[in-house]
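In: would you be able to build a 3D model of this:
(one chain, ligands or ions: 1)
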Amino acid sequence: MSDTVLPGDKIALIEECEAGKNSYDDDGLIRSMIVGKSEMNKKERLIDVENQKVLSVPKTDDIIIGTIEMVTPSMIAVLINYINGKPVKSQVECICSIRNLRKRSPALIKDIVKARVIGTLNGVIHATIQDKELGVLFTKCRKCGQDVVLFRDIVKCIECGWTDDRKISTDFLQSNFLKMRE
Ligand SMILES: [Zn+2]
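Out: From the prediction side, this is the model:
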């Protein structure tokens, strides 16, 4: 059993259990110290309140999946949707350099990319899409917006036949599940 509680909320009686993590004994009443979910540990007769805030800022070497929000000749800005496979709702962005990729259009706005975090500089999260498994997971035709199929590292529109290059991830073909989310 778990309930969302606020600081000061009564979460149990001292007869039932003792104060555990993030809770305190207030003259016989156990109250929460934080916003979170209360969890009764029946075995140890403790009541804990778990912090609900998901750690949503990626660390170096974390693998992120995100949606491209901006493309310039030298970099892309990616809104992070997943960190190491876990969905995140916070609006955190990272920046990937595309200068050394030698592609005409390594990625487009709204493409979904996989990237690896390489560090933080002045509060900006930097990531790379350079490795084989990194890069575009899902993209559309630049000309008409229709779906594309992959031929080696070239994408071809199934509607108008336009071909384009991308920095494709080796996971590209398995990425249809992302398409289904739309
Ligand atoms: Zn097209």
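In: average pLDDT across stretch 107-120?
Out: On average, the pLDDT along stretch 107-120 is 96.
In: and stretch 66-84, by the same measure?
Out: 95.
In: how far does it sit from the chain's center?
Out: Offset of stretch 66-84 from its chain centre (CA atoms, centre = their mean, to the nearest Å): 11 Å.
In: same check on stretch 114-121?
Out: On CA atoms, centre = their mean, the centre of stretch 114-121 falls 12 Å from that of its chain.
In: cool, and stretch 80-98?
Out: Distance, centroid of stretch 80-98 to centroid of chain: 4 Å (CA atoms, centre = their mean).
In: now swap in stretch 123-138 and tell me
Out: For stretch 123-138, the distance to the chain centre is 13 Å (CA atoms, centre = their mean).
In: ok, stretch 23-35 next?
Out: 33 Å.
In: okay, buried residues for that stretch please.
Out: 23, 30-32, 34 (16 or more other CB atoms under 10 Å). C-beta here means a position set from N, CA and C on the backbone, and glycine is covered the same way.
In: among these, which pair sits farthest apart?
Out: I30 and I34 (13.3 Å; CB to CB).
In: pLDDT weak spots in this structure?
Out: 1-3, 52-56, 173-182 (pLDDT under 70).
In: for stretch 71-89, buried residues please.
Out: 71, 76-83, 88.
In: Throw those residues into CSV and include distance to the ion and secondary structure, thanks.
Out: Shown next, in CSV, are the buried residues of stretch 71-89 (distance: CB to the ion, whole Å; DSSP: H, G, I helix; E, B strand; the rest coil):
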residue, distance to the ion, secondary structure
V71, 18, strand
I76, 21, strand
A77, 25, strand
V78, 24, strand
L79, 25, strand
I80, 28, strand
N81, 25, strand
Y82, 28, strand
I83, 32, strand
V88, 32, coil
